[in-house]
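Asker: I would like to see how this sequence folds:
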Amino acid sequence: MSSEYLTPSNEKNDVASAAENKDGQSSANNGETETLSKKQRKKLMRHQKWEEERNLRKQKRKEKRQKRSLERKNQGEEGGEFVGRKRLRKEVTPSSPLRLVIDCSFDNLMMFKDVRKLHKQIQRCYSVNRRAAHPVQFYLTSLGGQLKQNMDKTDEGWVNWKDITVKTEAYHEVVVKEELVYLTSDSPNVLTELDETKAYVIGGLVDHNHHKGITFKRAQELGIDHAQLPLNSFVKMNSRKVLAVNHVFEIILVYLEKGNWQEAFFTVLPLRKGAIPLGQEGIATEDEEESDRDAETVTPNTTGNEQDQQ
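Answerer: Below you'll find the model as predicted:
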């Protein structure tokens, strides 16, 4: 008889063999479980419990979303203040004619990890401008290279951003030179007021201070106006007085809303900067100083490192 066909006797033997193999595998698994350490068994049990409760967590999240949606709907019906993003956009005043320009021409001077940080800072600028009480005319210039590649790869929706002008050309090719003011901490000129006829340029550079003074030098080479924010007139800081792109952007937005530089600085500056109102040095108690140190150690740097500009 051909080997392709099995007799009933052979079939019984194969079934018994399979059962024996299954029992042997099961015993091996049990033996493996028994050899786990106490810590490993606890970890395994936690994971199993987490898997078992997956649907319950999903249901709770759904109920929480429904509850928030119902609360927002009730607020709208009662005429109360609705804090949803769409209502905020309707209630803002018309955009300010003031222009804020991020100069993205430093792409070749940054490592890719710093390019990613710059991307996050630009995202933050776009977000706060969309929600601002007095949004500005937002420009991105010299966009290309690593920065654009990272934006295309990790944030495809950026091409649909609204209320922003994106150019591959340099800022001085987009705006006439007479209207440009480069914001740089190395400038001897102090900005006391904002001129709505001007376009203020922020250097899009995350370089850990490796290219100190580069934005000031470029402004001088192009023969355009330059200035620094009046930080020294209002703030005493424990760290370097150079700010991240989004910090400068947000400070200007707050100033447009409040009309007060000191309030703008202390609304935006992160705790790790150790900012103190000028003239109040030494007033902080030891407990407050300790609290500041603790905050500095635990506060995540979500906006990247400071740039060689204000």
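Asker: what sits up against stretch 195-204?
Answerer: Stretch 195-204 has contacts (Cβ atoms under 8 Å, 6 or more residues apart in numbering) with 96-106, 118, 121-122, 137, 139, 147, 171, 175, 179-184, 194, 214-215, 219, 225, 245, 248-249, 252, 307-310. All C-beta spots, glycine's among them, are computed from the backbone N, C-alpha and C.
Asker: just stretch 243-260 next, same as before
Answerer: 96, 98, 100, 102, 118, 121-122, 124-125, 128-129, 132-136, 183, 185, 194, 200, 202-204, 206, 229, 261, 263-265, 267-270, 303-307, 309-310.
Asker: in this structure, where is pLDDT below threshold?
Answerer: 1-34, 76-95, 209, 237-241, 271-310 (pLDDT under 70).
Asker: one step back: emit the PyMOL select command for whichever of the contacts of stretch 195-204 are buried.
Answerer: The PyMOL selection below is limited to those of these classed as buried (16 or more other Cβ atoms under 10 Å):
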select buried, resi 96+98+99+100+101+102+103+104+105+106+118+121+122+137+139+147+171+175+180+181+182+183+184+194+214+215+219+225+245+248+249+252+307+308+309+310
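Asker: among the contacts of stretch 195-204, which are located in strands?
Answerer: When the contacts of stretch 195-204 are checked against strands (DSSP state E), the matches are 99, 100, 101, 102, 103, 137, 139, 180, 181, 182, 183, 225.
Asker: tabulate those (CSV), appending distance to residue 64.
Answerer: CSV is the format used below for the ones in strands among the contacts of stretch 195-204 (distance: Cβ to Cβ, whole Å):
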residue, distance to residue 64
99, 41
100, 37
101, 41
102, 37
103, 43
137, 38
139, 39
180, 48
181, 47
182, 47
183, 42
225, 51
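Asker: pick the one among these closest to residue 39.
Answerer: residue 102 (49.9 Å; Cβ to Cβ).
Asker: nearest spatial neighbour of the closest one, chain-adjacent residues omitted?
Answerer: Distance criterion Cβ to Cβ, 6 or more residues apart in numbering; nearest residue to residue 102, sequence neighbours excluded, is residue 204 at 4.7 Å.
Asker: how about the one you found, phi and psi?
Answerer: For residue 204, the backbone dihedrals are phi -80, psi 80 (criterion: degrees, to the nearest 10).
Asker: how much space is there between residue 216 and residue 140?
Answerer: 21 Å (Cβ to Cβ, to the nearest Å).
Asker: whoops, residue 155 was the one
Answerer: For residue 155 relative to residue 140 (Cβ to Cβ), the value is 13 Å.
Asker: these two - which one has more neighbours?
Answerer: residue 140 (25 against 14; other Cβ atoms under 10 Å).
Asker: quick one, helices of the chain?
Answerer: 8-34, 38-52, 54-78, 85-91, 112-131, 145-154, 171-174, 214-222, 245-258, 261-268, 286-298 (DSSP state H).
Asker: which residues does residue 119 contact?
Answerer: Residue 119 touches 147, 150, 151, 154, 155, counting by Cβ under 8 Å, 6+ apart.
Asker: pretty sure the last one contacts residue 123?
Answerer: Yes: in this structure, residue 155 sits in contact with residue 123. The criterion is Cβ atoms under 8 Å, and the distance is 7.0 Å.
Asker: quick revisit: for residue 233, state which of the ones in strands among the contacts of stretch 195-204 is nearest.
Answerer: residue 183 (15.4 Å).
Asker: thought residue 231 was touching the closest one, still the case?
Answerer: No: using Cβ under 8 Å as the test, residue 183 is too far from residue 231 to be in contact (11.1 Å).
Asker: any of the contacts of stretch 243-260 buried? List them.
Answerer: Looks like those have 96, 98, 100, 102, 118, 121-122, 124-125, 128-129, 132, 134-136, 183, 185, 194, 200, 202-204, 206, 229, 261, 264-265, 268-270, 303-304, 306-307, 309-310 buried, using 16+ other Cβ under 10 Å.
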